[in-house]
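Peer 1: What follows is a protein structure lacking sequence information:
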């Protein structure tokens with residue numbers, strides 16, 4: 001039965017890999033936000049259910065994604081870039097706190113920052129895709 005259970009996961013993994021390989025830069029950022037948000041929701045649930053190791057695993061994944069988003073910001077390109085770096089720094093600090101304290105409250109604070117940013121990037125990706133389709137169609 002393990003083989004039967006793994007087959008759909010391989011298919012899902014292949015789908016996600018294909019999605020990443022074919023994605024525009026805007027879509028990639030949107031996917032990163034989605035991944036971070038999903039990991040944080042899973043971490044919060046794991047904390048509520050006292051599954052410490054699982055919570056730490058999800059928090060680590062989210063921290064890695066946020067750190068990647070932070071390093072992708074072109075520093076010195078203006079106040080917006082500096083504000084983004086500061087927001088990502090805040091999120092990373094809240095996630096460290098959530099892991100150390102096993103407290104979901106800092107995760108909620110991080111989600112309040114990441115969710116609107118993720119929604120904005122999803123809108124940007126959608127608009128860019130529509131623009132690209134209009135130019136090629």
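Peer 2: Perfect, I can see it now. The shown structure was predicted, so the numbers you read here are calculated from the model rather than taken from an experiment.

Peer 1: show me the residues around the residue positioned nearest the centre of the chain that make contact.
Peer 2: Centroid-nearest residue in the chain: residue 36, 2.4 Å away (criterion: Cα atoms, centre = their mean). The neighbourhood of residue 36, defined by Cβ atoms under 8 Å, 6 or more residues apart in numbering, consists of 61-62, 65-66, 69, 114, 118. The way it works is simple: take the backbone N, C-alpha and C, and place the C-beta from them, glycine included.

Peer 1: Could you pull up the mean pLDDT of the helix of greatest length in the chain?
Peer 2: Ordering each helix of the chain by length in residues (DSSP state H) puts helix 105-136 first. Mean pLDDT, helix 105-136: 87.

Peer 1: how far does it sit from the chain's center?
Peer 2: Relative to the centre of its chain, helix 105-136 is centred 11 Å away, using Cα atoms, centre = their mean, to the nearest Å.

Peer 1: Could you do stretch 36-54 as well?
Peer 2: With Cα atoms, centre = their mean, you get 14 Å for stretch 36-54.

Peer 1: for stretch 61-72, same thing?
Peer 2: 8 Å.
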